[in-house]
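# okay, sequence plus prediction incoming.
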Amino acid sequence: MKKVIIATVALFLSVQFANAQAKGSSYKTALGVKFYPGGAITVKHFVKSNAALEGLAYFWRDGMRITGLYEFHGNFSGAPGLKWYVGPGAHVGFWNDRYWRREYPGYRGNAIAGIDGVLGLDYKFRGAPINMSIDWQPSYEFGTYGGFYGNWGGLAIRYTF
């Protein structure tokens, strides 16, 4: 019986801590969607108070792209909940044959890999478990039709835990 009471109290305190954190101006983990290009599922998790890992899975009619980013975060004094971030990353993409035939006639490859950078702003709403970010994510892809792409990034809306 004692173990059940201790486990119940521990569970209650951990839920209260998570709720307090989600409603403050900072957060540990967030899950949501990112818009442009197409749509993405995004998960961000802070591994330190000033560093986070972000995973993105983009989906659009011509394929998909999986991206991992390591982000260094910094505060703006006088603006609780608002942070800037910058960092490196990498991605792998898979495109369907329709894309390759339209963009590069004669080429039949359907996968590509590359490196990424990210520069953005992150805001956690105080009193609500909502986080938003906007960023630019330039990338360089390797391979036959690789090169620099500056059109990645977007607006993310996430639920914080």
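Received, thanks.
# which SSE is immediately downstream of the helix or strand bottoming out on mean pLDDT in the chain?
For the chain, the helix or strand with the lowest mean confidence is helix 2-23, at a mean of 42 (criterion: mean pLDDT, DSSP states H and E). Counting by DSSP states H and E, the next helix or strand C-terminal to helix 2-23 is strand 29-35.
# and that next one, what other elements does it pack with?
With contacts taken as 3 or more Cβ pairs under 8 Å, 6 or more residues apart in numbering; DSSP states H and E, strand 29-35 sits against strand 39-48, strand 153-160. In this view, the C-beta of every residue, glycine as well, is placed from N, C-alpha and C.
# just the CA atoms of the last one, as PDB, please.
Think strand 153-160. Presented in PDB, the C-alpha positions along strand 153-160 are these (Å, rounded to 0.1, in the frame of the first residue of the first chain):
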ATOM      1  CA  GLY A 153      12.100  27.000 -43.600                       C
ATOM      2  CA  GLY A 154       8.600  28.100 -42.400                       C
ATOM      3  CA  LEU A 155       6.200  28.800 -39.600                       C
ATOM      4  CA  ALA A 156       5.800  26.100 -36.900                       C
ATOM      5  CA  ILE A 157       2.900  25.800 -34.400                       C
ATOM      6  CA  ARG A 158       3.500  23.300 -31.600                       C
ATOM      7  CA  TYR A 159       1.900  22.000 -28.400                       C
ATOM      8  CA  THR A 160       4.400  22.100 -25.500                       C
END
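# relative orientation of that strand and strand 39-48 in degrees?
Put simply, strand 153-160 runs at 60 degrees to strand 39-48, going by axes from the mean of the first three to the mean of the last three Cα atoms, to 10 degrees.
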